[in-house]
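Chemist: whatever this is, show me its structure:
(one chain, ligands or ions: 1)
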Amino acid sequence: EFSGWAQHAPLGSEKRSLFPNQVESEPLQSKGAAAFKRRQPPHIIFILTDDQGFNDIGYHSTDIRTPTLDKLAADGVRLENYYVQPLCTPSRSQLMTGRYQIHTGLQHSIIRPRQPSCLPQGLVTLPQRLQQAGYSTHMVGKWHLGFYRRHCLPTRRGFHTYFGSLTGSVDYYTYGSCDGKSLCGYDLHDGESVAWGRGGKYSTHLYTQRVRKILATHQASQQPIFIFVSLQAVHAPLKPPKSYIYPYRRMANVLRRKYAAVVSIVDEAVHNITYALRRYGYYRNSVIIYSTDNGAQPFMGGSNWPLRGCKGTYWEGGIRGVAFVHSPLLRHKRRVSRALLHITDWYPTLVRLAGGDVSQEQGLDGYDIWPVLSEDRILVIGVMSPSKTRSSQYV
Ligand SMILES: [Ca+2]
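Modeler: Next comes the predicted model:
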């Protein structure tokens with residue numbers, strides 16, 4: 001049963017639509033329980049970039065241009081006090097489970113290609129919960145949560161389909177991935193098979209093409225969809241096509257020039273994804289979340305200015321992430337949120353939006369922040385009681 005937004009709607013407000021942005025096309029029925037007409041939960045598009053720094057998005061930066069991201073953020077809610085982990089694997093494990101990395105066992109560093117480790121089997125994942133809620137779930141891009149056994153693969157951890165790379169620092173064209181200099185391999189996978197012969201195309205373009213295909217073939221009105229677009233951009237090795245570097249040709253720092261081009265390609269990708277969302281009938285009932293996985297590496301052209309530190313550190317530059325939410329379903333849009341938010345919050349938030357219930361889940365670290373995002377409410381977290389039950393309320 002869908003209870004996501006309705007739960008936070010003011011009581012006795014039949015005169016005001018629960019879903020103000022959709023009232024024109026689909027008016028709610030006027031009497032009694034019928035007013036709470038059950039609707040399809042929203043389509044969820046989660047775009048995660050890799051190593052994008054605080055200063056690496058148009059609305060923060062003076063040298064990088066991201067008109068699409070800027071507009072989506074301006075029309076949605078910009079998250080200016082949002083935290084992630086300083087590295088890929090810990091951050092991604094938190095996103096998938098709603099738990100701090102100390103609880104996923106992935107607190108140390110990234111999972112290296114030869115390391116027999118992965119996201120623990122016993123932890124339920126966000127896409128598994130969304131599948132339970134009736135979603136069609138898809139992942140495109142970088143996994144980096146281990147693959148040493150088949151049960152570690154994205155398709156065994158809640159995704160109906162998967163297309164992407166299982167490791168990090170993969171080449172954007174050849175999909176070659178190395179663990180030191182002694183061991184290299186081809187890392188582009190479709191489902192549980194190696195996607196031989198699919199390389200050669202720049203990954204952000206290849207992944208966008210896949211997302212577009214998923215959106216074009218799925219029936220938006222029949223079933224809610226969750227797509228985790230986990231771009232390998234803007235992580236090194238930076239090899240953007242030359243045409244994207246040209247607009248930044250006057251930038252003195254050559255690394256930064258390439259980096260800016262890689263960010264611009266992400267901007268274009270998000271433009272194409274949102275265009276497809278509109279074209280294929282998803283947009284009006286969608287939630288788009290954009291987030292980095294950790295701070296930038298300045299030695300690779302990224303910038304976390306004005307924050308101190310970088311990727312791999314617990315300074316603000318390593319863990320304060322760029323992020324925003326864009327959705328026609330947000331009640332209070334076009335604003336900047338300075339609420340203290342965390343990457344573990346997406347799990348309970350999205351499960352609730354999907355109509356699921358997290359109240360019985362033990363050990364969750366994240367909180368449902370939809371009322372914070374949508375209605376600008378404040379989440380007050382209580383002191384843990386001796387029974388370790390968590391208390392929280394929205395004011
Ligand atoms: Ca990363």
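Chemist: now S286: how far from the ion?
Modeler: From S286 across to the ion, the span is 25 Å (C-beta to the ion, to the nearest Å). Bear in mind the C-beta positions are built from the backbone N, C-alpha and C, glycine included.
Chemist: and the nearest residue to A220 once chain neighbours are set aside, how far from the ion?
Modeler: Spatial nearest neighbour of A220, excluding adjacent residues (C-beta to C-beta, 6 or more residues apart in numbering): G281 at 4.2 Å. Distance of G281 to the ion, computed by C-beta to the ion: 33 Å.
Chemist: backbone phi and psi for the one residue sitting closest to the centre of the chain, please?
Modeler: The residue lying closest to the centre of the chain (C-alpha atoms, centre = their mean) is F46, at 3.5 Å. Main-chain dihedrals, F46, degrees, to the nearest 10: phi -110, psi 110.
Chemist: L183 now?
Modeler: Dihedral angles (degrees, to the nearest 10) for L183: phi -140, psi 120.
Chemist: what sits against it?
Modeler: Taking C-beta atoms under 8 Å, 6 or more residues apart in numbering as the contact definition, L183 lies against 113-114.
Chemist: tell me the pLDDT of it.
Modeler: L183 carries a pLDDT value of 93.
Chemist: returning to that earlier point: SS state for the residue nearest to A220?
Modeler: coil (DSSP: H, G, I helix; E, B strand; the rest coil).
Chemist: surely it is in contact with H218?
Modeler: No - contact criterion C-beta atoms under 8 Å: G281 and H218 do not qualify, at 10.0 Å.
Chemist: between those two, who's got more neighbours?
Modeler: Taking neighbours as other C-beta atoms under 10 Å, G281 and H218 compare with H218 leading, 18 against 15.
Chemist: which pLDDT value goes with the more buried one?
Modeler: Predicted confidence (pLDDT) for H218: 98.
Chemist: same question, L28
Modeler: Per-residue pLDDT puts L28 at 39.
Chemist: which residues in the stretch 151-300 of the chain form helices?
Modeler: 203-217, 242-245, 254-279 (DSSP state H, counting those that start in this stretch).
Chemist: could you say which of those helices is packed most deeply?
Modeler: For the helices of the stretch 151-300 of the chain, average neighbour numbers computed from mean count of other C-beta atoms under 10 Å are highest in helix 254-279, which has a mean of 21.
Chemist: quick one on the thing from earlier: which of the helices of the stretch 151-300 of the chain sits closest to G158?
Modeler: With C-beta to C-beta, the closest approach to G158 among those belongs to helix 203-217: 15.6 Å.
Chemist: just checking, what packs against the closest one?
Modeler: strand 136-141, strand 161-164, strand 225-230, helix 254-279 (3 or more C-beta pairs under 8 Å, 6 or more residues apart in numbering; DSSP states H and E).
Chemist: CSV for these, including distance to the ion?
Modeler: Shown next, in CSV, are the helices and strands packed on helix 203-217 (distance: least, C-beta to the ion, whole Å):
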stretch, distance to the ion
strand 136-141, 12
strand 161-164, 14
strand 225-230, 10
helix 254-279, 13
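Chemist: how about the residues of the stretch 1-150 of the chain by the ion?
Modeler: Residues of the stretch 1-150 of the chain that fall close to the ion, judged by C-beta under 5 Å from the ion: 50-51, 88.
Chemist: setting aside sequence neighbours, what's the nearest residue to R129?
Modeler: Nearest non-adjacent residue to R129 (C-beta to C-beta, 6+ apart): V351, at 4.7 Å.
Chemist: quick one, the strand or helix carrying that neighbour and strand 225-230 angle?
Modeler: Using DSSP states H and E, V351 falls within helix 346-353. Inter-element angle recorded for helix 346-353 and strand 225-230: 160 degrees (by axes from the mean of the first three to the mean of the last three C-alpha atoms, to 10 degrees).
Chemist: mind listing residues that contact the next helix or strand after helix 346-353?
Modeler: Counting by DSSP H and E, the next helix or strand C-terminal to helix 346-353 is helix 370-375. With contacts defined as C-beta under 8 Å, 6+ apart, helix 370-375 is touched by 4-5, 8, 77, 325, 329-332, 337, 339, 341, 349, 352-353, 377-379, 394.
Chemist: list the buried residues in helix 370-375.
Modeler: By 16 or more other C-beta atoms under 10 Å, the buried positions in helix 370-375 come out as 370-374.
Chemist: can you narrow those down to the ones near the ion?
Modeler: Taking C-beta under 5 Å from the ion as the test, the ion is in contact with none of the buried residues of helix 370-375.
Chemist: mind putting those into CSV with distance to V270?
Modeler: Listed next are the buried residues of helix 370-375 as CSV, based on distance: C-beta to C-beta, whole Å:
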residue, distance to V270
W370, 22
P371, 26
V372, 23
L373, 19
S374, 21
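Chemist: okay, those residues in TSV with pLDDT next?
Modeler: Below are the buried residues of helix 370-375 laid out as TSV (pLDDT from 0 to 100):
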residue	pLDDT
W370	98
P371	97
V372	98
L373	98
S374	98
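Chemist: which one among these gets closest to the ion?
Modeler: Nearest to the ion among the buried residues of helix 370-375: L373, at 23.5 Å, using C-beta to the ion.
Chemist: before we move on, the earlier item: measure the residue nearest to the centre of the chain to L350 for me?
Modeler: Relative to L350, F46 is positioned 8 Å away (C-beta to C-beta, to the nearest Å).
Chemist: shared neighbours of those two, anything?
Modeler: Residues within reach of F46 and of L350 at once, by C-beta under 8 Å, 6+ apart, are F226.
Chemist: now do the helix holding V351: distance to the chain's middle.
Modeler: Mean-position distance between helix 346-353 and its chain equals 12 Å (C-alpha atoms, centre = their mean, to the nearest Å).
Chemist: ramachandran coordinates for the closest residue to the ion within the stretch 101-250 of the chain?
Modeler: In the stretch 101-250 of the chain, the residue that lies nearest the ion is H235 (5.9 Å; C-beta to the ion). The phi/psi pair for H235 (degrees, to the nearest 10) reads phi -70, psi 150.
Chemist: nearest residue to it other than its sequence neighbours?
Modeler: D50 (4.0 Å).
Chemist: now do the one you found, the pLDDT please.
Modeler: Reported pLDDT for D50: 98.
Chemist: tell me if I'm right that it and S91 touch.
Modeler: No - between D50 and S91 there is no contact under C-beta under 8 Å: 9.6 Å.
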